[in-house]
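In: Sequence first, then the predicted structure:
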Amino acid sequence: MPAERDREPAPTTKAGRHPPAASAGGGRSAGRGRLANLWRLRGYLRPYAAEFGWLLVAALAGTGASLAVPLVVQRVVDGPVARREPGGLLSLGALVLVLGLVEALLIFVRRWMQSASSVGMEAALRADLYAHLLRLPTSFHDRWHSGQLLSRATSDLSVLRRFLSFGLFFLILNLVTYVAVVVLLIRLHPPLGLLVAASAVPLFLISRRFARHYHAASRRMQDQQGEVATLVEETALGLRTTKAYGRGPELAARFAGNARALHDIGVGKARLLARTSALFDLVPNGTLAVVLVTGVVLVSRGGLTVGALVAFVSLQLMLVWPVQSLGWIIANGQEAATAADRIREVLDTRPAIVDAPGALAPPRAGVRGRLTFEQVTFRYPDSGAPVLRGVDLTVAPGETLALVGATGCGKSTLLSLVPRLQEVTGGRITLDGHDLRDLRLSTLRRLVGVAFEEPTLFSMSVRENLTLGRPDAGEDEIHAALALAQAEFAYDLPWGLATRVGEQGLSLSGGQRQRLALARAVLGRPALLVLDDPLSALDVHTESLVEAALKRVLRDTTALLVVHRPSTIALADRVALLEQGRITAVGTHSDLLATVPAYRSVLSADPRPAAGAGVSS
Ligand SMILES: Nc1ncnc2c1ncn2[C@@H]1O[C@H](COP(=O)(O)OP(=O)(O)OP(=O)(O)O)[C@@H](O)[C@H]1O
């Protein structure tokens, strides 16, 4: 299902902002829009419309059967009982039995069919949400807490399923029951019937107030669940650091604070529901008391038959449960509305980096690999100053260019622009003269092999990790890539390449992970290699082996490398110095060493500001 609106609401982000609905304590516009997002998800119910319709028919028929019983009882009381003659009692008794059996059968049919549609709807929505998360740019994931996404993909979807399978169903059923009973009551005795009908007014007012407050509480609760999920996830991922620094107690206290907040919101919600449920109990029972007293007076004055009073009261008793359950249904509905808001916040975020219409897909063989940055500017969303400012740089086909600069000057950012993980905010980058934005994303990412500073491995087999970008890679290619990255240790793992590496590849050493990530980048000989400090976690011996192997690959591949160590810089044909978002010098390593003090300063880790950086690109 496509995202429908072109807006990025302020989500519960890492910056801690909340969407407008989170603080919705009431207000007319909030009230109007409260169910809007729930309504927008109706498309997911469409495939199950017929099923849902049959369910409703079965439920309404069952309710009709149960409503008929008091009317038969009226005939029994006013007929055989009043006349004190049992004639006709048998047929009326048989009718009640048949009605009971029909009702039981219809309830069985309804329950049998009920769950499949809601589970199917939940699965479809979850699949769309996940696919959409994959399409969203890295800037989106930079801003959102992973726990918030996790809770949306799990608990929010379950809340929606519960509402669609029970809440919505009983809301319709109970409303129809209410109207049908009131119509029957008015037919039995118009003044008393209208009195019962009038009880809908306080019920409506209570419902409206409750819905408003419960919606706000639900939003707080579901956001807080996301916060707790984030904390648990961060703790699990950073467990080693936490333990090493002895920060366990501090984290436990932070968790306890968050869990306490969740608990308090949960208790608040439960109390709100309890208070309102009491009112929902009071109204039908109070009306019943008035009807009983008035009814008995009417019977004593001959204005109503005993049978009619029995039928009236029996029918009215059938309203107690629908009214009592109103609190639960509204609560469920408001939680579902909140869940829909939270899910739409993700679905409404448009993927910013997408294929242009008519995007090109040049074949690998036709790509020479000339990479050019033309006046490239880049600024992170929500941050003030641009990280890159007017970068001009050309990497010739087959050339290896090393990017050098002080920490935080924007090297990784510049690299991330090549596979379009981030989009330039000014200027353009071209590959063989084509603006990267004119290339099909999937093609571009096949042409560019990437290895990041932090080598991420997924909890799947080594082979799957290696062939992530090239599922079709053959055994020879895998072997060549592993050999190149000096990562043949993978064959010696307990199950060879079929060995599952742990989450984030934690069962491997940093150097092993880095070598596997390098093998993944070079697999299939991409036209362009983009490597962010690819040798940082290697020991001196392995580093020189990988360097030697890399040298071979780099000979016929265009490559842009971020490097810190002079030994790795030797791999490059030329070096570019990045300072405060600008390329201030380009040349060979020896030229720059000789002529650019800032370059010497960066390489010698000299913290002094480099004055007079000279050679410009
Ligand atoms: N996702 C982000 N959102 C906002 N600012 C960011 C983001 N990532 C990086 N930055 C900022 O952009 C600047 C450049 O970061 P970048 O990681 O590109 O530097 P770098 O030169 O690669 O650093 P290092 O050598 O330490 O890896 C830094 O000031 C950093 O704080």
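Out: Arrived safely, thanks for sending. Residues are numbered from 1 along each chain as shown.

In: Could I get the contacting residues of residue 283?
Out: 199, 202, 203, 206, 323 (CB atoms under 8 Å, 6 or more residues apart in numbering). Quick note: C-beta positions are derived from backbone N, CA and C, even for glycine.

In: now do residue 390
Out: Here residue 390 is in contact with 375, 376, 377, 426, 427, 582 (criterion: CB under 8 Å, 6+ apart).

In: looking at it, the third one is touching residue 410, isn't it?
Out: No - between residue 377 and residue 410 there is no contact under CB atoms under 8 Å: 10.9 Å.

In: Spell out the secondary structure type for the residue in the stretch 201-350 of the chain that the ligand sits nearest to.
Out: Residue of the stretch 201-350 of the chain nearest the ligand, by CB to the nearest ligand atom: residue 349 (16.1 Å). Here residue 349 is recorded as coil under DSSP: H, G, I helix; E, B strand; the rest coil.

In: Residue 546 versus that one, what's the distance?
Out: Per CB to CB, to the nearest Å, residue 349 is found 39 Å from residue 546.

In: And this structure, split by domain according to the record?
Out: Domains of the chain are assigned by automatic domain parsing as 35-347, 370-603.

In: ranges for the strands of this protein?
Out: 371-378, 388-395, 400-405, 426-431, 434-435, 448-451, 528-532, 558-562, 574-579, 582-587 (DSSP state E).

In: where does the stretch 1-150 of the chain have low pLDDT?
Out: 1-33, 87-88, 114-116 (pLDDT under 70).

In: Over in it, which residue gets nearest the ligand? Let me know.
Out: residue 142 (4.0 Å).

In: The stretch 451-600 of the chain now?
Out: For the stretch 451-600 of the chain, the residue closest to the ligand is residue 453, as judged by CB to the nearest ligand atom, at 5.9 Å.

In: residues touching that residue, list them.
Out: 412, 532, 533, 536, 562.

In: gap between it and residue 564?
Out: Relative to residue 564, residue 453 is positioned 10 Å away (CB to CB).

In: follow-up on the earlier one: please identify the most buried of the domains of the chain.
Out: domain 370-603 (a mean of 19; mean count of other CB atoms under 10 Å).

In: got the contact list for residue 136?
Out: Here residue 136 is in contact with 346, 349, 351, 352 (CB under 8 Å, 6+ apart).

In: got the contacts of residue 453 as CSV, with distance to the ligand and pLDDT columns?
Out: Shown next, in CSV, are those (distance: CB to the nearest ligand atom, whole Å; pLDDT from 0 to 100):
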residue, distance to the ligand, pLDDT
412, 3, 91
532, 7, 88
533, 7, 83
536, 10, 73
562, 6, 91
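
In: okay if I get those as a markdown table plus distance to residue 84?
Out: Output for the contacts of residue 453, formatted as a markdown table (distance: CB to CB, whole Å):
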| residue | distance to residue 84 |
| --- | --- |
| 412 | 96 |
| 532 | 97 |
| 533 | 100 |
| 536 | 100 |
| 562 | 101 |
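
In: Pick out the most distant pair among those residues.
Out: Using CB to CB, these span at most 12.0 Å, a distance reached by 412 and 536.

In: can you list the residues of the stretch 251-400 of the chain near the ligand?
Out: 380, 383, 387 (CB under 6 Å from any ligand atom).

In: and residue 246, how far is that from residue 252?
Out: 12 Å.

In: still on that earlier bit, could you tell me how many residues sit around the residue of the stretch 201-350 of the chain closest to the ligand?
Out: When neighbours are counted by other CB atoms under 10 Å, residue 349 registers 23.

In: Nearest spatial neighbour of residue 215, chain-adjacent residues omitted?
Out: Nearest non-adjacent residue to residue 215, counting by CB to CB, 6 or more residues apart in numbering: residue 334, 4.4 Å away.

In: which ones are touching that neighbour?
Out: Residues near residue 334 by CB under 8 Å, 6+ apart: 34, 211, 214, 215, 218.

In: Go ahead and confirm the fourth one touches residue 336.
Out: What that stands for is residue 215. No - if you go by CB under 8 Å, residue 215 and residue 336 don't touch, sitting 10.3 Å apart.

In: Any idea which of the domains of the chain gets closest to residue 357?
Out: Among the domains of the chain, domain 370-603 comes nearest to residue 357, with 10.0 Å by CB to CB.

In: ok now that closest one, how far from the chain's centre?
Out: Mean-position distance between domain 370-603 and its chain equals 30 Å (CA atoms, centre = their mean, to the nearest Å).

In: Repeat that for stretch 144-159.
Out: Put simply, stretch 144-159 sits 5 Å off its chain's centre (CA atoms, centre = their mean).

In: quick one: contacts of it?
Out: Outside stretch 144-159, the residues within contact range by CB under 8 Å, 6+ apart are 11-14, 122, 125-126, 129-130, 133, 222-223, 225-234, 332, 335-336, 338-339, 342-343, 346.

In: try 7 Å
Out: By CB atoms under 7 Å, 6 or more residues apart in numbering, the residues outside stretch 144-159 that reach it are 11-14, 122, 125-126, 129-130, 133, 222, 225-227, 229-231, 233, 335-336, 339, 342-343, 346.

In: Span of it from start to end?
Out: For stretch 144-159, the first-to-last residue distance is 21 Å (CA to CA, to the nearest Å).

In: and residue 518, what does it touch?
Out: 451, 485, 534, 546.

In: I'd like these as a markdown table, with pLDDT appended.
Out: Formatted as a markdown table, these follow (pLDDT from 0 to 100):
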| residue | pLDDT |
| --- | --- |
| 451 | 85 |
| 485 | 82 |
| 534 | 74 |
| 546 | 73 |
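
In: near the ligand too, which of those?
Out: Counting by CB under 6 Å from any ligand atom, no member of the contacts of residue 518 is near the ligand.

In: which of these lies closest to residue 66?
Out: The nearest one, if we look at the contacts of residue 518 relative to residue 66 and count by CB to CB, is residue 451, at 67.9 Å.

In: wait, doesn't that closest one sit right on residue 534?
Out: Yes - Residue 451 is within contact range of residue 534, at 5.1 Å (criterion: CB atoms under 7 Å).

In: near the ligand, which residues of the chain show up?
Out: 142, 380, 383, 387, 405, 407-413, 453.

In: and the closest residue to residue 450 other than its chain neighbours, what does it touch?
Out: What sits nearest to residue 450 in space, not counting adjacent residues and going by CB to CB, 6+ apart, is residue 530, at 4.9 Å. Each residue near residue 530 by CB under 7 Å, 6+ apart is listed here: 415, 418, 419, 448, 450, 560.
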